[in-house]
Every structure is written in C-alpha cells, then in structure tokens.
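# Give me the fold of what follows.
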Amino acid sequence: QVQLVESGGGLVQAGDSLRLSCAASGSTFSSYAMGWFRQAPGKGREFVAAISWTGRSTYYADSVKGRFTISRDNAKNMVYLQMNSLKPEDTAVYYCAVDTYYSSSSIRRAHEYDYWGQGTQVTVSS
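Numbering: from 1, shown residues only. Predicted coordinates:
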C-alpha cells in the first residue's frame, strides 16, 4: 500500500511558476515509476509527466514539454513537478500517482497507475 499527498498548488498569474510536491509513504517508493496527471472541470484525467524509478527516464505531454519538469528524490520519498510559464489552460486539479508495473509504452495511461493522491488545485489567471 502506498499513500500519496500532493501540495504546492495555488492561484497564480499567467507566466508564473509553481512547484508541486508529492510525498509518498512506503519503503518501496524507490522501486516505482511515478506520474502526474491533471483534470480540468468537465474534462477527463490527462497525463502530464512521468518518471522512471531511477529518475533516468522522463516523459511529458506535448502540451507541457519545455515548460514542466518532473523529478524525484528517492531518499525523501518525494516527487516534484516544476511548472514554469504557466498558462490559463494549465488550470486543473493535479494528481500524483504510482505505477507499480512500469512500462514505457503505457506510462501515459491513467489506468496503469495503482495509487493516487487526493490532488492539489492549480489555477492560472490570464
């Protein structure tokens, strides 16, 4: 069992930056790939970024590539999402999630993830 708690969301203006954090419980955290997803009102859950258990491989949605950076600190059981040059269309609830069966071919699929946090709201005003 893994428990995830996101933090760092808030209300910012377009062009600003935010850093989301995800704290994970469980001694096997370093064995799992991690992902960030988001869900805007009236829309489905959308892949944002993911990182392999070693941190050597990262994956991004085209909509955030070059603006967002995912990273992890296995010693602290933490995953981060640095979000720069935020746009109003980035407004959503952001969730971190654990993928216990890492596959690069499916890491962008929400149904591949086994544990989810409660989410943190990010609102970007124009």
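
# if you average pLDDT over stretch 84-99, what comes out?
Mean per-residue pLDDT for stretch 84-99: 97.

# Buried residues in it, which are they?
L86, D90, T91, A92, V93, Y94, Y95, C96, A97, V98, D99 (16 or more other Cβ atoms under 10 Å). Yep, even glycine has a C-beta here, placed from its N, CA and C like the rest.

# gap between the two ends of that stretch?
From its first residue to its last, stretch 84-99 covers 25 Å (Cα to Cα, to the nearest Å).

# And the strands in this structure, which stretches?
4-7, 10-13, 18-24, 33-39, 46-51, 58-60, 68-73, 78-83, 92-99, 115-116, 120-125 (DSSP state E).

# Make TSV out of those and add distance to R109.
Listed next are those as TSV, based on distance: least, Cβ to Cβ, whole Å:
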stretch	distance to R109
strand 4-7	18
strand 10-13	28
strand 18-24	19
strand 33-39	9
strand 46-51	7
strand 58-60	11
strand 68-73	16
strand 78-83	18
strand 92-99	9
strand 115-116	14
strand 120-125	22
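
# Mind checking these for the one nearest to S106?
strand 92-99 (8.3 Å; Cβ to Cβ).

# Return the distance of that closest one from the chain's centre.
5 Å (Cα atoms, centre = their mean, to the nearest Å).

# follow-up on the earlier one: so for R108, which of the strands of the chain sits nearest?
strand 46-51 (4.3 Å).

# tell me what the closest one is packed against?
Applying 3 or more Cβ pairs under 8 Å, 6 or more residues apart in numbering; DSSP states H and E, we find strand 46-51 packed against strand 33-39, strand 58-60, strand 68-73, strand 78-83, strand 92-99.

# That'll do, ta.
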